[in-house]
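Participant: when you get a sec, could you give me coordinates for this:
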Amino acid sequence: MPEAVAAIYHMTPLTLWEEQRASPSFVPPSLGDEGFIHCTAEPDRLLLVANRFYRGVSDAFIIVWIVPERLAAELRWEYADGHLFPHIYGPLNKGAVEQIVEFPRLADGSFRLPSEMGLFDS
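Facilitator: Numbering: from 1, shown residues only. Below is the predicted model of the structure:
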């Protein structure tokens, strides 16, 4: 497990988040399909995943900033594609969410990191 991180990030379609607005927790399809919620601790890795898997998806996406210490579910750091990722093994309790920001796109449909993340994809 890496040193303590201030935040981990999960991207999701805005419509999926909105559908679960009234719920105290968020349950994306990956929790049922794979048993965990995919996250990353690195904004540049988030951008890479977004452009690799979701560039052709027309939905609006958001980035959910999560404070690991506030999670009710178990957080495990696991290797995938040669990289260490945080995975949440249970519903995401919304009390662990620090902030939600739009995941902006360029005209060609590719994602770019929002200014709130302090990094830019040039």
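
Participant: could you count how many residues lie near P29?
Facilitator: By the measure other CB atoms under 10 Å, the count of residues near P29 is 10. Every C-beta, even on glycine, is put in place using the N, C-alpha and C of the backbone.

Participant: show me what contacts it?
Facilitator: Residues near P29 by CB atoms under 8 Å, 6 or more residues apart in numbering: L16.

Participant: which residues of the chain fall in strands?
Facilitator: 8-13, 25-26, 37-38, 61-66, 74-80, 83-89, 92-93, 97-103 (DSSP state E).

Participant: who touches stretch 84-92?
Facilitator: By CB under 8 Å, 6+ apart, stretch 84-92 touches 2, 5, 8, 10, 25-28, 31, 35-41, 45, 64, 66, 68, 71-79.

Participant: now A22: how far from N93?
Facilitator: Note on A22: its distance to N93, by CB to CB, to the nearest Å, is 14 Å.

Participant: which one of those two is surrounded by more residues?
Facilitator: The residue with more neighbours, out of A22 and N93, is N93; 17 against 6, by other CB under 10 Å.

Participant: the nearest residue to that one once chain neighbours are set aside and D33, how far apart?
Facilitator: In space, and not counting its chain neighbours, N93 is closest to A72: 4.2 Å by CB to CB, 6 or more residues apart in numbering. A72 sits 21 Å away from D33, going by CB to CB.
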